[in-house]
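Q: This is a predicted model, with the sequence first.
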Amino acid sequence: MEKFTTHTGVVAPLKRSAVDTDQIIPAVYLKRVTKTGFEDALFASWRQDPEFVLNQPVFAGASILVAGPDFGTGSSREHAVWALRDYGFKVVLSPKFADIFRGNAGKQGLLTGAISDADLEAVWAAIDAEPGIRMTVDLEARTATLGALTVPFEIDDYTRWRLLEGLDDIGLTLRNEDKIAQFEARREAWRPRTLPIP
Amino acid sequence: MSTPVPGIPDHPRTLAEKVWDDHLVVKGENGEPDLIYIDLHLVHEVTSPQAFDGLRAEGRPVRRPDLTIATEDHNTPTLDIDKPIADLTSRTQIETLRRNAAEFGVRLHPLGDREQGIVHVVGPQLGLTMPGITVVCGDSHTSTHGAFGAMAFGIGTSEVEHVLATQTLPLKPFKTMAITVEGELKPGVTAKDIILAVIAKIGTNGGQGYVLEYRGSAIRSLSMEGRMTICNMSIEAGARAGMVAPDETTFEYLKGRPHAPKGKDWDDAVAYWRTLPTDEGAVFDAEVFIDATELEPFVTWGTNPGQGVSLSGVVPSPDDFDDPNERAAAERALEYMDLEPGTPMKEIPVDAVFMGSCTNSRIEDLRAFASIVKGRKKADGVRVMVVPGSARVRLEAEAEGLDKIFEEFGAEWRFAGCSMCLGMNPDQLAPGERCASTSNRNFEGRQGKGGRTHLVSPLVAAATAIRGTLSSPADLDAPVLVGTEA
């Protein structure tokens, strides 16, 4: 997982609330055997509409999504985060995130920042005034800036630390690599081994 | 012996606590989880592809290929196993596992191999499953391995990736529950009947958050196969793991198996294993008692494993349940199962009998089934499938001539796999078909869309295949002598 300090990119407005994970990625895409390559699955049904925000050329290559409240509700599928990440999103801002989604996002390096309802409206207005505008998200300062507008966002200290350090669950555990190695060094000879095949 | 870890309290401990303590890599502080070492990681084709893909994306190797073993089971056909798998999703999962195993250096027993089979049959049979170890697999029925006094539980795909990369898991300690089954079982009553009765008693959520330890004389008298059947279905009571303390039966089963310790290692191991049983005075967080002498062959009538009743009983009425949720669940289940309250269970006709699954597909299960059907013919119109749990069980059964008994009976003798336990391979019920099944889940559509499942023991499956209605061996015209272990 890459370390996240600041990110600058095109910001796209998703003017809907309660975006559930079935909308983020429909169930039909869950049969795949990979953990990457889900970019085509992101918002698959909405993207069939040519007017959908991500189909507008001005938002091509968007990497920051600003959505209405209750983003990521519903099924716990980790694929929802994979789809956002594979499409190229690094940050989602919303007044409120579903707990499981936010947990999954933190583990995969997708920053989820909570902004106030008033700031949501202000950001959407700023994008409407200048579609295609770029936003800079500063995780150290917990701020998002586009043009003259800077809004604060909330993220819990633990998740922020993990993003700043670029640590996924495995990365966190591997910080104890020396202790794992010590444990293995004293592991008894009788314990099972699958290799070599006798 | 295991090196003492500082910080472990010096008080009487349960079996589960001892195994946990001996696998502590890092003790969690301030509510953080403990980091637990995993001795054995079993892998199959359904829950592993994205785990390997995650490793690839991060450039991580499998930390301990020598503690990892893979087999193909969920998607594999049990007929024509030399032909390409017809279903594209199934074939993709199988082919992906083969590529991943080769790329990451993981031992794989593919379809057609002598050691291929259901992952929970393969581990014990190779002697890899042993007392006092931790076992994980991306499959909820990993609880099976607890029969050896191992701590064994199912995990999700992200955790599979975590174990592949680190050979550890961050885990919060479980609570412990003692399930004591005392007394002698009546003839014809088996391990399957014990666990179905346990689940009916404590409910499908009764074990949530607990490791169950099965104790008492009825458990001690069971074979390893019987203990595996019981631990296998711990998950159906909501528990993540079930355990039985190791004893002479365990050691005898293990000794001489391909991966069992040898020489001095064996002696060291046995000496350690003898220290594992729960200490006198250790306290469980919860306790349940069951009188084995009162148990009868048990079958399910509904659509979860807790909806069970004695075979001699009748289909219950929703009014029998005080709890409104249970009453509503019973109503839904009776509708799905197309059953009328008050119908004697023994009058329920079946279309199919499935003898197999990780619950009941070991050689002893097949012997029990064969002991009843030998020299008889199946009921007209009933389809009977016998599916060994592994290629080796199949070979063993054939060496004993069991395949001939099954074929003369009119049953289909198949190759190894999960088969009709779950609708992921070609073995499925047609909509509306009713099946007496030795498997573990009677969920709606589990054995095929619209299929209806009654969970039963191998002995009940055999008697049902003969009479065509749910039956026990005692209902057969010429009584046959049966053992109590299966």
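A: Ah, there it is.
Q: Contact partners for the closest residue to A:Gly113 other than its chain neighbours?
A: Leaving aside its sequence neighbours, A:Gly113 sits nearest to A:Phe153 (C-beta to C-beta, 6 or more residues apart in numbering or on different chains; 3.2 Å). In short, each C-beta sits where N, CA and C put it, glycine included. Residues in contact with A:Phe153 (C-beta atoms under 8 Å, 6 or more residues apart in numbering or on different chains) are A:93, A:113-115, A:137, A:142-144.
Q: Can you turn the buried part of these into a ChimeraX selection?
A: Buried subset of those, written as a ChimeraX selection, criterion 16 or more other C-beta atoms under 10 Å in any protein chain shown:
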select /A:93,113,114,115,137,144
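Q: Of the contacts of A:Phe153, which is the nearest to B:Ala474?
A: Nearest to B:Ala474, judged by C-beta to C-beta, of those is A:Ala114 at 65.1 Å.
Q: Just confirm that closest one contacts A:Ile155, I think it does.
A: Yes: counting by C-beta atoms under 8 Å, A:Ile155 is a contact partner of A:Ala114 at 7.2 Å.
Q: List, one by one, the residues from the stretch 151-300 of chain B near chain A.
A: B:157-158, B:161-162, B:165-168, B:170, B:258-259, B:261, B:265-266, B:268-269, B:272 (C-beta under 8 Å from any C-beta of the partner chain).
Q: Now intersect these with the strands, please.
A: Using DSSP state E, the subset of these located in strands is B:168, B:170.
Q: Can you tell me which of the residues of the stretch 151-300 of chain B next to chain A are buried?
A: For those, a neighbour count by 16+ other C-beta under 10 Å gives the buried set as B:157-158, B:161-162, B:165-168, B:170, B:259, B:261, B:266, B:269, B:272.
Q: Next, format those as TSV and append pLDDT.
A: Shown next, in TSV, are these (pLDDT from 0 to 100):
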residue	pLDDT
B:Thr157	90
B:Ser158	91
B:Glu161	97
B:His162	97
B:Ala165	98
B:Thr166	98
B:Gln167	98
B:Thr168	98
B:Pro170	94
B:His259	98
B:Pro261	98
B:Trp266	98
B:Ala269	98
B:Tyr272	98
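Q: what's the farthest-apart pair in those?
A: Farthest-apart pair in these is B:Ser158 and B:Trp266; separation 36.6 Å (C-beta to C-beta).
Q: Tell me the span between the first and last residue of stretch B:178-196.
A: 16 Å (C-alpha to C-alpha, to the nearest Å).
Q: quick revisit: would you turn the buried ones among the residues of the stretch 151-300 of chain B next to chain A into JSON lines with distance to B:Leu108?
A: Below are these laid out as JSON lines (distance: C-beta to C-beta, whole Å):
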{"residue": "B:Thr157", "distance to B:Leu108": "18"}
{"residue": "B:Ser158", "distance to B:Leu108": "22"}
{"residue": "B:Glu161", "distance to B:Leu108": "17"}
{"residue": "B:His162", "distance to B:Leu108": "20"}
{"residue": "B:Ala165", "distance to B:Leu108": "19"}
{"residue": "B:Thr166", "distance to B:Leu108": "21"}
{"residue": "B:Gln167", "distance to B:Leu108": "18"}
{"residue": "B:Thr168", "distance to B:Leu108": "23"}
{"residue": "B:Pro170", "distance to B:Leu108": "27"}
{"residue": "B:His259", "distance to B:Leu108": "16"}
{"residue": "B:Pro261", "distance to B:Leu108": "24"}
{"residue": "B:Trp266", "distance to B:Leu108": "28"}
{"residue": "B:Ala269", "distance to B:Leu108": "27"}
{"residue": "B:Tyr272", "distance to B:Leu108": "30"}
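Q: Out of those residues, which is nearest to B:Arg392?
A: Distance to B:Arg392, by C-beta to C-beta, is smallest for B:His259 among these, at 13.3 Å.
Q: Just give the nearest non-adjacent residue to the closest one, would you?
A: Distances taken as C-beta to C-beta, 6+ apart place B:Gly127 nearest to B:His259, at 4.1 Å, with adjacent residues excluded.
Q: Tell me which of the residues of the stretch 151-300 of chain B next to chain A fall in helices.
A: Taking DSSP state H, the ones among those that sit in helices are B:157-158, B:161-162, B:165-166, B:265-266, B:268-269, B:272.
Q: got TSV for the residues you listed, with distance to A:Glu39 too?
A: TSV is the format used below for those (distance: C-beta to C-beta, whole Å):
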residue	distance to A:Glu39
B:Thr157	20
B:Ser158	20
B:Glu161	21
B:His162	25
B:Ala165	25
B:Thr166	29
B:Asp265	51
B:Trp266	54
B:Asp268	53
B:Ala269	51
B:Tyr272	51
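Q: Export stretch B:392-408 to PDB, keeping only CA atoms.
A: Extracted in PDB, the C-alpha atoms of stretch B:392-408 (Å, rounded to 0.1, in the frame of the first residue of the first chain):
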ATOM      1  CA  ARG B 392      -7.900 -42.000  -0.800                       C
ATOM      2  CA  VAL B 393     -11.200 -42.800   0.900                       C
ATOM      3  CA  ARG B 394     -12.500 -43.900  -2.500                       C
ATOM      4  CA  LEU B 395      -9.500 -46.200  -2.900                       C
ATOM      5  CA  GLU B 396      -9.800 -47.600   0.600                       C
ATOM      6  CA  ALA B 397     -13.500 -48.200   0.100                       C
ATOM      7  CA  GLU B 398     -12.900 -50.100  -3.100                       C
ATOM      8  CA  ALA B 399     -10.200 -52.200  -1.500                       C
ATOM      9  CA  GLU B 400     -12.800 -53.200   1.000                       C
ATOM     10  CA  GLY B 401     -15.400 -53.900  -1.700                       C
ATOM     11  CA  LEU B 402     -17.700 -51.200  -0.500                       C
ATOM     12  CA  ASP B 403     -18.200 -49.900  -4.000                       C
ATOM     13  CA  LYS B 404     -19.700 -53.300  -5.000                       C
ATOM     14  CA  ILE B 405     -22.100 -53.100  -2.100                       C
ATOM     15  CA  PHE B 406     -23.200 -49.600  -3.100                       C
ATOM     16  CA  GLU B 407     -23.500 -50.500  -6.800                       C
ATOM     17  CA  GLU B 408     -25.500 -53.700  -6.100                       C
END
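Q: and B:Thr453, how many residues sit next to it?
A: Neighbours of B:Thr453 under the rule other C-beta atoms under 10 Å in any protein chain shown: 31.
Q: Which residue, other than its chain neighbours, is closest to it?
A: Nearest non-adjacent residue to B:Thr453 (C-beta to C-beta, 6+ apart): B:Asn442, at 3.9 Å.
Q: how far away is that neighbour from A:Leu110?
A: Relative to A:Leu110, B:Asn442 is positioned 39 Å away (C-beta to C-beta, to the nearest Å).
Q: before we move on, what about B:Thr76?
A: Applying C-beta to C-beta, the value for B:Thr76 to A:Leu110 is 36 Å.
Q: more crowded one of the two?
A: B:Thr76 (28 against 22).
Q: which residues sit in contact with the residue lying closest to the more buried one once chain neighbours are set aside?
A: In space, B:Thr76 comes closest to B:Gly417 once its chain neighbours are excluded; the distance is 4.2 Å by C-beta to C-beta, 6+ apart. By C-beta under 8 Å, 6+ apart, the contact set of B:Gly417 is B:72-74, B:76-78, B:117-118, B:387, B:425.
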